[in-house]
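Novice: Structure for the following, please:
(chains A, B, C and D)
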4 protein chains.
Amino acid sequence: MSHNTFGHLFRVTTWGESHGPALGCVVDGCPPGLPLSLADIQYWLNRRAPGQNRFVTQRREPDEVKILSGVFEDDRTDGPVTTGAPISLMIENVDQRGKDYDDIRDLYRPGHADYTYDAKYGLRDYRGGGRSSARETAARVAAGAVARRILGEDIVIRAALIQIGAVAIDRAAWDWAETENNPFWCPDAGAAKLWETLLDEKRKDGNSLGAIVEVEATGVPAGWGAPIYGKLDAELAGALMSINAVKGVEIGAGFDAAPLTGVENADEMRAGAGGKPVFVTNHAGGVLGGISTGQPIVARIAIKPTSSILTARKTVDRFGHEAEISTKGRHDPCVGIRAAPVAEAMVACVLADAKLRHRGQTGN
Amino acid sequence: MSHNTFGHLFRVTTWGESHGPALGCVVDGCPPGLPLSLADIQYWLNRRAPGQNRFVTQRREPDEVKILSGVFEDDRTDGPVTTGAPISLMIENVDQRGKDYDDIRDLYRPGHADYTYDAKYGLRDYRGGGRSSARETAARVAAGAVARRILGEDIVIRAALIQIGAVAIDRAAWDWAETENNPFWCPDAGAAKLWETLLDEKRKDGNSLGAIVEVEATGVPAGWGAPIYGKLDAELAGALMSINAVKGVEIGAGFDAAPLTGVENADEMRAGAGGKPVFVTNHAGGVLGGISTGQPIVARIAIKPTSSILTARKTVDRFGHEAEISTKGRHDPCVGIRAAPVAEAMVACVLADAKLRHRGQTGN
Amino acid sequence: MSHNTFGHLFRVTTWGESHGPALGCVVDGCPPGLPLSLADIQYWLNRRAPGQNRFVTQRREPDEVKILSGVFEDDRTDGPVTTGAPISLMIENVDQRGKDYDDIRDLYRPGHADYTYDAKYGLRDYRGGGRSSARETAARVAAGAVARRILGEDIVIRAALIQIGAVAIDRAAWDWAETENNPFWCPDAGAAKLWETLLDEKRKDGNSLGAIVEVEATGVPAGWGAPIYGKLDAELAGALMSINAVKGVEIGAGFDAAPLTGVENADEMRAGAGGKPVFVTNHAGGVLGGISTGQPIVARIAIKPTSSILTARKTVDRFGHEAEISTKGRHDPCVGIRAAPVAEAMVACVLADAKLRHRGQTGN
Amino acid sequence: MSHNTFGHLFRVTTWGESHGPALGCVVDGCPPGLPLSLADIQYWLNRRAPGQNRFVTQRREPDEVKILSGVFEDDRTDGPVTTGAPISLMIENVDQRGKDYDDIRDLYRPGHADYTYDAKYGLRDYRGGGRSSARETAARVAAGAVARRILGEDIVIRAALIQIGAVAIDRAAWDWAETENNPFWCPDAGAAKLWETLLDEKRKDGNSLGAIVEVEATGVPAGWGAPIYGKLDAELAGALMSINAVKGVEIGAGFDAAPLTGVENADEMRAGAGGKPVFVTNHAGGVLGGISTGQPIVARIAIKPTSSILTARKTVDRFGHEAEISTKGRHDPCVGIRAAPVAEAMVACVLADAKLRHRGQTGN
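Specialist: All right, here's what the predicted structure looks like:
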């Protein structure tokens, strides 16, 4: 993991700014012979795409992906397949409206990377946040689509919002099917209703809210991951924390493990089919000693409220003058919503890399 | 970060098992000319050492470190200094008592990596957990001592326990000096008293408790870290999650950012000395867009209760037979206590690496 | 260095096939604030471009580069400058003639990667060699242009052909200016004449010739590179050997060092300006112990004769049938000629990476 | 490959100075369950060990290796086996004679890294060359012993000296068995005789000679290696050039490919057993497009004459004063001899890494 490249054997390098001509990624190390069409990738991008409802940014980006390399089709292949060469994916930026950002070229928006980029690089591409914009996550979702191909259909990775603001879902009401029925990836129809009201209210106030997303990966066999600095949970934590606006990552019981006793927290085992261990509970979230247990891998991330808000906040400019700023532009009242498909993608990338590394070391 | 190596320019490779002849690390990429004596490293190791009081494992390990390479002294140097060559550090295992573990060579201890190591590798060194033992963290603390030399004395990294079981400290009573006065690195003398009773009780019950540790790094200049997969908070999250028993990592407001609004969460800026921005609050925990803001870097980790407990739990053995297990051996009733110096060390390593990488790219 | 990524702090990831829609690279880790225009990059690409004379392939590729990210311009910058974000460069393939390759989709061309790609991946993009085509080197040259910006104008990297077939230049006649006057980058006008006749003859025969290229980098300060696996000469060797058709790499005296005695080979030192060591000779080729000496860095590479020839050679097809093959298409009679700008680019990338890594570790 | 770590999935980190307490390596990523005893490793170290005859340094180092981690034995394993955890190997320095080096602490020995280490680091461990000493290669040989276990017995890696000074072997007289009968790893008994006289003469003259070593790996299946920066020949070139005193690396025909025509150089293919391609010749040296062909992998390296010679050479000291220097100490009259086992080890490490990476990406 280094600057703009993620992963070891399955490696993703992303590039592009919010308001440049395009953004994209190069996916390296993909096994050969996997079916991979434009539609496979576009399907996942569409789930992240902006402009779909009033709770996400109204920027109109079709986010149409192009495959520039690494995929081949002839009459001997069953549709386009990966060749083992790097897969270059590109998404052109269409709805850029550079003008929107002229008045903030010198102002540091609180909660944004404006000041830190200037502090690091001495200059920055201020148009729409440039490289620090969440638009970069489109490239991650595209890469995640490739990762899913590597993982195959037995491994299912899905995310749900479990909290917006202070309103958490009722876990007893969890229904994965429900996540496709509301604009929040919410598995609890009741909570979704509450969130609708809540977010409308905050949006009208020129305000925003944070959220918590839960990601689950089922079907992961026991044995993936590696000690000590290749631990599956450590890689997941790094990958998920690298998503814009994420401030916390938990695996399994997470912070709720602190108040537990060792007796309560122990995931007891029983003999399952063929003598294979079955865990009675999953406080571990599917990872022990950095290696998958075969149980569902469960991670949660905390996403801070959107920093771009209409309400004026105090700040300074690059020349040291004090000022006030309210961000116009078109922004998500809760960035956590669009973080869900991105979190899925990052989990997919981590698992694909873990699968290949495990196979490399052990042959399994 | 790959298997047993951590970092990019400042790289730490650790090795060793709980009950092998020794453990250690190789620290590569250290700048030349830094003063580094045995005592410098031993000081930090002593803070992590077992056997110091009744709340940590009674294993008697002097944890005496040896410097095998990378440091040189002659009459022109002012004591031993780093040469820029890899620094090999070794700690011999003394109090091993291999016998303690004979009865669990086939049993999978709940909460331990026994099953997952077997699932991954097909065999495991079961003596004291082998490679998955928290003894490995001694090597991290040794490496952290080198990292602190790179960071210099203006950067102060310190950790405190802020919760054991369900009992949190009173943050209003926070006094760093207090962390040296109790066996818990607790900054609140009142909480320390409560924890003493609490832990004694749990220990007598053959049980254990989880904890939350907070680490703070002050003096870090703005500009360290890098987008996108080199984000400072992502590297911290990966590094901290790689510590044994850690189940969650937060930066700044962390999970408490979810219920906040954008207005509340915004860290407003004012012009400080010389026009340099000063932040009014620090919900960001010192990192924006993956780059340090110049404010204190604040991270918290959740540590699960010690899995090795005297109370019997249900499990299976490697042959698929069901069984019960209670771990004898000598274990920490709360592994969170000894996690504090380890968390400091990991933060030091991440920051040292970030410093060198930032200097490499920008020259500053 | 891993699959399609090269370098450590200065990292280049290339992608693209000979007959796909485009090829390109992502250059990561570039320092911010460096002037970088399209013209800067195009200048170097034009030197590698095909179709310029009868001694290189007649494929007509304008090799027009696009900068898709990582560069920014506003009224405060003096033209476009790097931002520190990844620089994505793309070159669209224009003159593809996919049809040319239909008859070799099943045949393994001797000297090509056809068989090995099939052996590795189980399938291959056979159009023009796909990923194994030398067209990929255009992306390296583009990346090399960025690397040169990092190195600055005091470091001059240039290559010359010193042998085609069995005809070597007369080193006494070496004139760098001459390399711009003939189609061979030949520093000896007399040799260039001989090569013209020689190559015309071989081309008419449906044959080809090998070559030797020498690359020199002057102005590199003492101290770049690092032991043991980061040695400057080791990185140069890996980088140069990775160029298509290269079969040998030498530094300084190279293979001619074998017959020398220690007395002859010793590069004696004298005190230069300000007491700084000056070397009397440069058998070392500017590198001692893997670290630059401050003298010119001198490397030579052997390039095998073009494998694509009109003369029929014996081979087999992917089904195990024996056959004969003669490659039609449009090919270089001596690929060594176009290897010269590529070798320069690779040396530039290695040095840029070495500069940043040295600065990272030592601050200089 | 970075500073003191080599490889990707199979990773070797070496440490230690010539005159420190010890040197060693950490071998990470080794597959589990491979038999690995002390004797396995010691066998290869003994072949590199100094003091065995008058043609190598008379330093008396037993080079006794210790295994500190990563290997486990109980009554269920058939002798000690790898566990998948990092294998830490240590060799203590015994015969150090630090005094020998006192008079050169300020002088820069021509051909050595004295000046460049000072230029890079501002100081150096001058005792016996410190980190730049060829003693470091003992750690490589130890790592190579592990790599051979990964490769298995079907892959045979062996090296031979084919030239000392200007005296080359007669390739028609090549007999691998002969390499065990003379102190030069010479496959031609006649040449060995000539070298004996030649080296005795040079040694008495206080002089030294260069050499050429050829390494061959047979049994490597087709398909290992990867484009573009993971090419097998590029990795071999980097690995071999990183060995002390190496100035050139060739694969297959190497520099002799330059004078060949495409017709001559083409390795034609015929249908072998089961239709599998068989190559008629092996100019390629077993690698096409960076991927193994299934033929023997053949590499050659040029080693410069030992720089430490009794004959006085001109130099300067670190203060800029001119001086003369003749190295006393105990040195090899031809370092090429002891380079042979080291070259084998590096080839083994590259191949082991390639095997694991290939398996990771493709599952084969």
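Novice: For the rest of this, base every contact and every neighbour count on C-alpha atoms.
Specialist: OK.
Novice: Whatever residue of chain A ends up closest to chain D is in what secondary structure piece?
Specialist: Per Cα to the nearest Cα, the residue of chain A with the smallest distance to chain D is residue A:360, at 3.7 Å. With elements delineated by DSSP states H and E, residue A:360 resides in helix A:336-362, which encompasses its position.
Novice: and that helix, average pLDDT?
Specialist: Taken as a whole, helix A:336-362 carries a mean pLDDT of 97.
Novice: Can it be said to contact chain B?
Specialist: Yes: in this structure, helix A:336-362 sits against chain B according to Cα under 8 Å from any Cα of the partner chain; the contacting residues are residue A:362.
Novice: helices or strands up against that helix?
Specialist: Using 3 or more Cα pairs under 8 Å, 6 or more residues apart in numbering or on different chains; DSSP states H and E, the elements in contact with helix A:336-362 are helix A:38-48, helix A:137-151, strand A:156-164, strand A:211-218, helix A:232-241, helix D:336-362.
Novice: winner for burial among the ones you listed?
Specialist: Relative to the other members of the helices and strands packed on helix A:336-362, helix A:232-241 carries the highest mean neighbour count by mean count of other Cα atoms under 10 Å in any protein chain shown, namely a mean of 31.
Novice: does it come close to chain D?
Specialist: No: figure legend: helix A:232-241 not in contact with chain D (Cα under 8 Å from any Cα); closest approach 15.4 Å.
Novice: wait, the residue of chain A closest to chain D sits on residue D:352?
Specialist: No: applying Cα atoms under 8 Å as the test, residue A:360 and residue D:352 come out as separate, 10.6 Å apart.
Novice: show me the contacts for the residue of chain A closest to chain D.
Specialist: Residues touching residue A:360, when contacts are defined by Cα atoms under 8 Å, 6 or more residues apart in numbering or on different chains, comprise D:9, D:355-361, D:363.
Novice: Mind pulling up the pLDDT for residue A:61?
Specialist: 74.
Novice: what are the phi and psi values for it?
Specialist: Residue A:61 adopts backbone torsions of phi -120, psi 120, taken as degrees, to the nearest 10.
Novice: That one contacts residue A:52, doesn't it?
Specialist: No: no contact is recorded between residue A:61 and residue A:52 when judged using Cα under 8 Å, the distance being 10.0 Å.
Novice: Alongside chain D, which residues does the stretch 51-200 of chain A contribute?
Specialist: Taking Cα under 8 Å from any Cα as the test, the list of the stretch 51-200 of chain A residues beside chain D reads residue A:85.
Novice: related to what we said a few turns ago, hey, what's the angle from the helix holding residue A:360 to helix A:137-151? Just curious.
Specialist: Here helix A:336-362 runs at an angle of 40 degrees relative to helix A:137-151 (axes from the mean of the first three to the mean of the last three Cα atoms, to 10 degrees).
Novice: Tell me how far helix A:336-362 lies from the chain's centre.
Specialist: Between the mean C-alpha location of helix A:336-362 and the chain-wide mean there is a distance of 10 Å, by Cα atoms, centre = their mean, to the nearest Å.
Novice: How about stretch A:197-208?
Specialist: On Cα atoms, centre = their mean, the centre of stretch A:197-208 falls 24 Å from that of its chain.
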